[in-house]
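Q: The following block contains a protein sequence and its predicted model.
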Amino acid sequence: MNRVLITGNLAAAWGARLADIDYCPAFPITPQTEIIETLAAWIDKGEMPGRLVTLESEHAMVTAAGAAAATGVRVFSATSSQGLLYALEMLYTVAGWRAPFVLVNVSRGLSAPITLEPDHNDILAARDSGFLQIHCATCQEVLDSVLMAYRLGEDPAVRLPVLVNLDGFYLSFTREPVAIPDPAVVREFLPPFDPGTIRFRASAPESQAVAVLSGGPYSYFRYEMHLAARNGLAAYDRIAAELEARFGRAWPAVEAYRCEDAELLFVMMGSFATKAKAAVDSLRAAGWRIGLLRPRLLRPFPEAAFRRWMAGKRGAAVIDQNISLGSGGVLYTEVTAAIHGQPAMPLLTSFIGGLGGRDIPPEEFFEMARIARDAAERGQAPPPRLLYTADELRETRKLQVLAKVERARLSGGEQP
Amino acid sequence: MYRIRFHGRGGQGMKTAGRILGTAFFREGYEVQDAPRYGAERRGAPIFAFVRADKNPILERGIIRRPDLAVVADDTLAPVPAAGVLAGVDAHTLMLINTHEAAETWRQRLALPGRVLVLPASAEVEDRAALPQVGAACAGAAARLVGVIGRDALERAIRQELGHLGEAVLADNLAVALHAFDLMADEAGSLTERPPQIADAWQPPDWIEIPFEGADISAPAIHGALTSELMQTGLWRTLRPVIDRDRCNRCWWVCSTFCPDSAIRVDGEGNPHIDYDHCKGCLVCLAQCPPHAIRAVPEHSEQGGGA
Ligand code: SF4
Ligand code: SF4
């Protein structure tokens, strides 16, 4: 196994290459572009087989991906942020076709205003689409997760497309050591796609259509997708165990870092969760019994793993790098629903931070741990908190002053 | 863990410097994380790159708040607040500045609490955004200061990162980087790691509740005109376009029309005037002027020194 320093984008491209993809419809967007540039260069130089076609939009790109998958070939694509949202209609549609493929999303906050930096509102907008979702925290995980995603989506009990998420900048443009597995070993883990009943051949034309249905049959088909997604839980565990046996790397549906004897937990997803791990180490060095729970699998949601890991803990700080406007953190809601009504569950406190790539320094993790511990002692959770300092508001005020019209209002003076 | 930041301008090879140092660490058996940091800026704008290296897997991410070593490739950046060169620099931080001036001058000018070393700047060049091999020089010097990277690992790292640019470019970069590596011989190992952070006491974050404000204030819309006037993009300039009045035939429109930032105003007599607060130094005007009446002067010499 060859261990190299590569970016998360390169790791995603390696995943596609090792998965022996047949087809990649593409459309560029920051910070995803390096993925398709890399695949294009490899295909161009003959280093990997396959076809890469640039489409006129992400909407067309996902349509092409779904259509190609419906012919039984192995399909890969990648997008980010506004691009994922532009394709949203087709995400729901192609998931309903029950033809598996893998779509990588490089997380980036949504407009308006515009940012290039990451948060998870883009990927969470696709939460209910029927795509399964795997969230990565390291570049190695990106490569391995692309391979796992094919296994998962192509499993006969699942047959749904899968989204693999990595954070812009923090993974996409960051190099880390990544072990690139031997293609022969990958082939054993991920054999060529057996499309089963998915078939469409040039020599044997047939049509595939979707009907307009009333509630009865409609409910049946949608619920079948739900059941298929739920089957993803067992399938995922099996695939993760097999990957661990072959590659020696464990990617459980929920990663538990120093949780065994913990009284308190951080709960987080994505690359910022490794910062939470660093905070766990610093807090443990000061005598705290604390750990981190990180869901890799968000759809299907692994409630059972959460219940198992959370039973007997006193408190947990759930840190959301997203905000459901008018409600709050999405992960907080998901975890709350998962443990509600179960015995011996910890008190949850909700934090929102890292929007638009806003950093979360160690001291903020320490403070969140303190708040979660105090809340657990009192038996009462404080209101959700946005991680935001007085300094940051001062910086924002400067921008508002620049916008001139606001300058007059904020200073109480007349408009210029 | 080693935490190193490289500061320079877009085009000066800071990403490459980070990658060379990262690869050299990796070759010496370290776990590494390296990344450039930039937004929507362009050539000449301040950017930085960072490298973390440790014997254990690296859990930290994103910007390095408190560097062990801050390398400044372009000394005109040191005093620019937006460049963030001084962010988190404390008594532990070693500063390496590529400059013609003395270390002590910089230490006093910037009131630096820690040690300052100088990487002697190469002879003056036309375009500071293209300082020859400055990225490689910074990486070479940093590798020696760390003390755990051998000359051989550095050389291999440069071959790995720059090999695709061809033998000539590679040879130039190798020469410059290894020279910088050798120059720092007396300071080998003067860069030290901070002890791991223990959360026994910490300064609580100054969190606030954001107040509700009406959409007239809190919508992210810019209604005021000319707001870009307040943004001094002239600070990005590494080369200054200067109009030679004798050569200018007062065509009245070419340079002022092509300037992408409308930084050239033509007066009633047809004379062009450059607004140096906003001219970014892209030199489009220089390329377009029919009688070649615009020349480029290094901003550095215009400013008469570092500050
Ligand atoms: S260099 Fe010339 S074209 Fe470019 S911004 Fe300055 S004045 Fe305008
Ligand atoms: S383009 Fe040249 S000749 Fe024309 S106004 Fe500008 S400087 Fe003068």
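A: That came through fine. Numbers count the residues shown, from 1 in each chain, chains lettered A, B, ... in the order given. Ligands and ions are numbered 1, 2, ... in the order given.
Q: Tell me the residues on the stretch 101-250 of chain B that lie near ligand 1, please.
A: Residues of the stretch 101-250 of chain B lying close to ligand 1 (C-beta under 6 Å from any ligand atom) are B:Pro241. (Glycine included, C-beta is placed from N, CA and C.)
Q: Can you tell me the element A:Asp122 falls in?
A: For A:Asp122, the enclosing helix or strand under DSSP states H and E is helix A:121-124.
Q: anything in that helix near chain B?
A: No. For helix A:121-124, no contact with chain B is found by C-beta under 8 Å from any C-beta of the partner chain; the gap never falls below 15.1 Å.
Q: per-residue pLDDT, B:Thr76?
A: Turning to B:Thr76, the model gives it a pLDDT of 84.
Q: residue ranges with poor pLDDT in the stretch 201-307 of chain B?
A: Across the stretch 201-307 of chain B, the stretches falling below the confidence threshold (pLDDT under 70) are B:225, B:300-307.
Q: Helices of that one, start to end?
A: Using DSSP state H, counting those that start in this stretch, the helices of the stretch 201-307 of chain B run over B:215-218, B:254-258, B:284-288, B:299-302.
Q: mind putting these in JSON lines, distance to chain A included?
A: Putting the helices of the stretch 201-307 of chain B into JSON lines (distance: least, C-beta to the nearest C-beta, whole Å) gives the following:
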{"stretch": "helix B:215-218", "distance to chain A": "5"}
{"stretch": "helix B:254-258", "distance to chain A": "25"}
{"stretch": "helix B:284-288", "distance to chain A": "24"}
{"stretch": "helix B:299-302", "distance to chain A": "25"}
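Q: Not counting sequence-adjacent ones, nearest residue to the residue in the stretch 101-250 of chain B that ligand 2 sits nearest to?
A: Of the stretch 101-250 of chain B, the residue with the smallest distance to ligand 2, taken as C-beta to the nearest ligand atom, is B:Cys248 at 3.3 Å. Among residues not flanking B:Cys248 along the chain, B:Ala293 sits closest, at 4.0 Å (C-beta to C-beta, 6 or more residues apart in numbering or on different chains).
Q: what's around the one you found, how many residues?
A: Residue neighbour count, defined by other C-beta atoms under 10 Å in any protein chain shown, stands at 21 for B:Ala293.
Q: ok, it touching B:Cys251?
A: No. Under the contact definition of C-beta atoms under 8 Å, B:Ala293 does not touch B:Cys251, with a separation of 9.1 Å.
Q: circling back to that earlier point, from the chain's centroid, how far away is the helix holding A:Asp122?
A: The chain centre lies 8 Å from the centre of helix A:121-124; the measure is C-alpha atoms, centre = their mean, to the nearest Å.
Q: same thing with stretch A:252-262?
A: With C-alpha atoms, centre = their mean as the basis, the distance from the averaged C-alpha position of stretch A:252-262 to the chain average is 19 Å.
Q: Pull up the distance across stretch B:227-244, start to finish.
A: According to C-alpha to C-alpha, to the nearest Å, stretch B:227-244 extends 31 Å from its N-terminal end residue to its C-terminal end residue.
Q: from what I can see the residue of the stretch 101-250 of chain B closest to ligand 2 touches B:Ile274, true?
A: No. If you go by C-beta under 8 Å, B:Cys248 and B:Ile274 don't touch, sitting 11.6 Å apart.
Q: that older thread, can you pull the contacts of the residue of the stretch 101-250 of chain B closest to ligand 2?
A: Residues near B:Cys248 by C-beta atoms under 8 Å, 6 or more residues apart in numbering or on different chains: B:Asn271, B:Pro272, B:Cys289, B:Pro291, B:Ala293.
Q: which SSE is A:Leu166 in?
A: Take DSSP H and E as the rule and A:Leu166 turns out to sit in strand A:162-167.
Q: Who are the packing partners of that strand?
A: helix A:8-18, strand A:102-107, strand A:132-135, helix A:139-154 (3 or more C-beta pairs under 8 Å, 6 or more residues apart in numbering or on different chains; DSSP states H and E).
Q: who does it pair up with?
A: When pairs are called by DSSP bridges, strand A:162-167 turns out to pair with strand A:102-107 (parallel), strand A:132-135 (parallel).
Q: Please work out the angle formed by the directions of the first one and helix A:8-18.
A: Looking back up the chat, that one is strand A:102-107. Direction vectors for strand A:102-107 and helix A:8-18, defined by axes from the mean of the first three to the mean of the last three C-alpha atoms, to 10 degrees, enclose an angle of 180 degrees.
Q: C-alpha coordinates for strand A:102-107, PDB please?
A: Extracted as PDB, the C-alpha positions of strand A:102-107 are listed here (Å, rounded to 0.1, in the frame of the first residue of the first chain):
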ATOM      1  CA  VAL A 102     -21.800   7.900  -6.200                       C
ATOM      2  CA  LEU A 103     -21.900  11.700  -5.900                       C
ATOM      3  CA  VAL A 104     -19.200  13.500  -4.000                       C
ATOM      4  CA  ASN A 105     -20.200  16.800  -2.400                       C
ATOM      5  CA  VAL A 106     -17.500  19.300  -1.200                       C
ATOM      6  CA  SER A 107     -19.300  21.200   1.400                       C
END
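Q: any idea which of the contacts of B:Cys248 is the one closest to A:Phe221?
A: When those are compared for distance to A:Phe221, the smallest value, 67.2 Å, is given by B:Cys289; criterion: C-beta to C-beta.
Q: follow-up on the earlier one: chain A versus the residue nearest to B:Cys248, what's the distance?
A: According to C-beta to the nearest C-beta, to the nearest Å, B:Ala293 and chain A sit 35 Å apart.
Q: and that residue, what is it in contact with?
A: If a contact means C-beta under 8 Å, 6+ apart, then B:Ala293 has B:Ile243, B:Asp244, B:Arg245, B:Arg247, B:Cys248, B:Asn249 as its contacts.
Q: Specify which member of those residues is nearest to ligand 1.
A: Compare each of the contacts of B:Ala293 with ligand 1 using C-beta to the nearest ligand atom and the shortest gap goes to B:Ile243, at 9.2 Å.
Q: ok, and the closest non-adjacent residue to that closest one?
A: Leaving aside its sequence neighbours, B:Ile243 sits nearest to B:Ile294 (C-beta to C-beta, 6+ apart; 5.5 Å).
Q: Much appreciated, bye for now.
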